[in-house]
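Novice: Fold the following.
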Amino acid sequence: MLTSITEGILCCLTGKTANVVLPVESSDAGPADGFEFVEVKPGRVLRVRHILPERQATSDSQPEQGVSIHCKRKITVYRNGQLVIENLGDVLHSEILQCQNGDVEQCSTVEVELADYSTTPSSPDPKPAPPLPDSDQQRPAPPPRRRRRKPKRTVFIDSERRITSCKGTHSDVALFFIHGVGGSLDIWGRQLDFFSRLGYEVVAPDLAGHGASTAPQIAAAYTFYALAEDLRAIFKRYARKRNILIGHSYGVSFCTFLAHEYPEQVHKVVMINGGGPTALEPSLCSIFQLPSCILHCLSPCLAWSFLKAGFARQGAKEKQLLKEGNAFNVSPFVLRAMMSGQYWPEGDEVYHAELTVPILLVHGLYDKFVPMEEDQRMAEILLFAFLKVIEEGSHMVMMECPETVNTLLHEFFLWEPDISASKADQTATIDATVAPTVATEGATEETAGTPKANKSLNK
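Specialist: Numbering: from 1, shown residues only. The predicted model follows:
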């Protein structure tokens with residue numbers, strides 16, 4: 001603590017920020033480790049762990065046919081801010097945790113009002129009629145006419161998407177793991193080892209200023225758009241025909257961006273503690289708005305706060321996981337620039353509602369950074385979404401409960417819908433929520449809860 005205070009004072013006097021980002025590793029690590037360094041822009045180098053397992057040419061090396069799903073939606077935004085979504089195509093229901101094929105209910109129409117406007121009328125009321133004069137022959141006044149609401153914006157989605165089972169033996173499948181603020185690719189260590197052993201090609205980059213990537217000393221290098229372009233370059237470099245994006249916290253926003261930009265190449269998405277479908281906007285009253293030198297003095301307190309909020313338990317095991325995962329090991333300058341650069345007005349509810357890719361939402365029950373209601377709201381907005389709650393996990397659930405998370409992810413990768421069940425039962429009642437209800441040991445699935453009002457969220 002005393003060392004941090006001393007370095008913080010020197011930082012204020014010299015005007016330079018202490019950089020805690022690890023230096024670029026030497027070439028001692030052999031090719032088997034899978035570490036590469038990619039220059040996404042001149043002088044901007046990202047460390048990437050890329051594991052390409054050796055596959056034998058077998059009959060199972062080709063992908064299966066899968067099932068074609070009709071994605072048809074009408075998204076209407078009214079002038080009072082109300083959002084109404086009508087699902088006019090197929091609605092998926094699946095028992096993912098049991099590895100069972102889901103069923104498809106065709107031509108279903110679901111109207112969901114996703115904003116809470118209990119104090120706002122659904123449409124403006126006309127002016128009240130003037131009182132009639134007192135007389136013996138008063139006739140009842142006709143009911144007032146309600147003016148028809150005029151939508152501010154209407155978006156139509158009408159496309160076909162083929163959903164297939166993605167196995168490790170398929171050479172056209174790649175998994176991308178994207179961490180959040182203060183993390184590194186090392187937080188995915190258990191997932192990278194697990195899926196690479198199953199034969200999957202895995203790709204995990206360090207964001208700029210994190211892990212062993214270069215850390216530019218300019219705040220503009222850490223805006224959402226700058227980081228998104230970095231990940232676009234990584235995605236275009238390693239992408240296959242069918243790609244699965246797995247994001248954690250702030251990394252979920254980049255997965256959403258890539259899925260929106262490359263709908264034909266992104267096959268499935270996993271969002272781990274990513275929060276609600278709200279546009280990103282930095283908080284002006286956050287502690288991360290303080291000068292970098294002050295943040296450097298407070299770094300031990302910030303690390304302890306992250307440990308308490310990020311893990312369900314704060315024992316020696318969790319401290320060791322935090323150290324091994326190289327989490328929260330970034331310079332105060334990078335941390336401040338990352339939090340201030342979370343500005344993405346395009347990523348609102350409509351932007352998320354336009355996604356047609358199947359999405360698995362994973363939420364740690366004890367997460368103090370992202371409330372449960374945020375992920376529930378995300379499940380309501382998305383077209384094909386399945387919300388899973390891990391009862392023993394918190395914000396860093398993939399490090400706390402790696403076996404449970406790996407099982408959830410693997411079963412989601414293998415899942416594909418089955419239209420035969422829907423043909424046998426055409427009279428089934430259509431569920432208004434997209435997510436089904438599943439309960440297993442260590443993980444439960446929640447349906448979408450009561451809609452909440454929009455609010456800004458720093459992930």
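Novice: now residue 402: how far from residue 193?
Specialist: 9 Å (C-beta to C-beta, to the nearest Å). C-betas here are computed from N, CA, C, even on glycine.
Novice: what do you get for residue 297?
Specialist: From residue 297 to residue 193 the distance is 37 Å (C-beta to C-beta).
Novice: Look at these two and report which has more neighbours.
Specialist: residue 297 (21 against 14; other C-beta atoms under 10 Å).
Novice: how about the strands in the stretch 151-300 of the chain?
Specialist: 151-163, 173-178, 201-205, 242-248, 266-272 (DSSP state E, counting those that start in this stretch).
Novice: wait, doesn't residue 200 sit right on residue 176?
Specialist: No: Residue 200 lies out of contact with residue 176 (C-beta atoms under 8 Å); the separation is 10.9 Å.
Novice: I'd assumed residue 370 was in contact with residue 275.
Specialist: Yes: Residue 275 lies in contact with residue 370 (C-beta under 8 Å); the separation is 4.7 Å.
Novice: so residue 46, which of the three states?
Specialist: Assigned with DSSP: H, G, I helix; E, B strand; the rest coil, residue 46 falls in the strand class.
Novice: what about the helices in the stretch 101-250 of the chain?
Specialist: Remark: helices assigned in the stretch 101-250 of the chain by DSSP state H, counting those that start in this stretch are 189-197, 224-238.
Novice: Can you tell me which of those helices is nearest to residue 356?
Specialist: Closest to residue 356 of those is helix 224-238 (C-beta to C-beta; 18.2 Å).
Novice: related to what we said a few turns ago, can you list the helices of the stretch 101-250 of the chain in JSON lines and add distance to residue 55 and mean pLDDT?
Specialist: Conversion of the helices of the stretch 101-250 of the chain to JSON lines gives the following (distance: least, C-beta to C-beta, whole Å; pLDDT from 0 to 100):
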{"stretch": "helix 189-197", "distance to residue 55": "12", "mean pLDDT": "96"}
{"stretch": "helix 224-238", "distance to residue 55": "16", "mean pLDDT": "98"}
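Novice: Could you list the low-pLDDT ranges of the chain?
Specialist: Residues of the chain meeting the criterion pLDDT under 70: 1-32, 56-64, 91-148, 284-292, 294-296, 298-306, 322, 324-328, 419-459.
Novice: can you rerun that using 80?
Specialist: 1-33, 55-65, 89-149, 283-309, 314-329, 418-459 (pLDDT under 80).
Novice: before we move on, back to that, list residues touching both of residue 402 and residue 193?
Specialist: Residues touching both residue 402 and residue 193 (C-beta atoms under 8 Å, 6 or more residues apart in numbering): there are none.
Novice: mind listing what residue 176 touches?
Specialist: 203, 204, 234, 235, 238, 243, 244, 245, 246, 255, 258.
Novice: Let's see that with 6 Å instead.
Specialist: 203, 245 (C-beta atoms under 6 Å, 6 or more residues apart in numbering).
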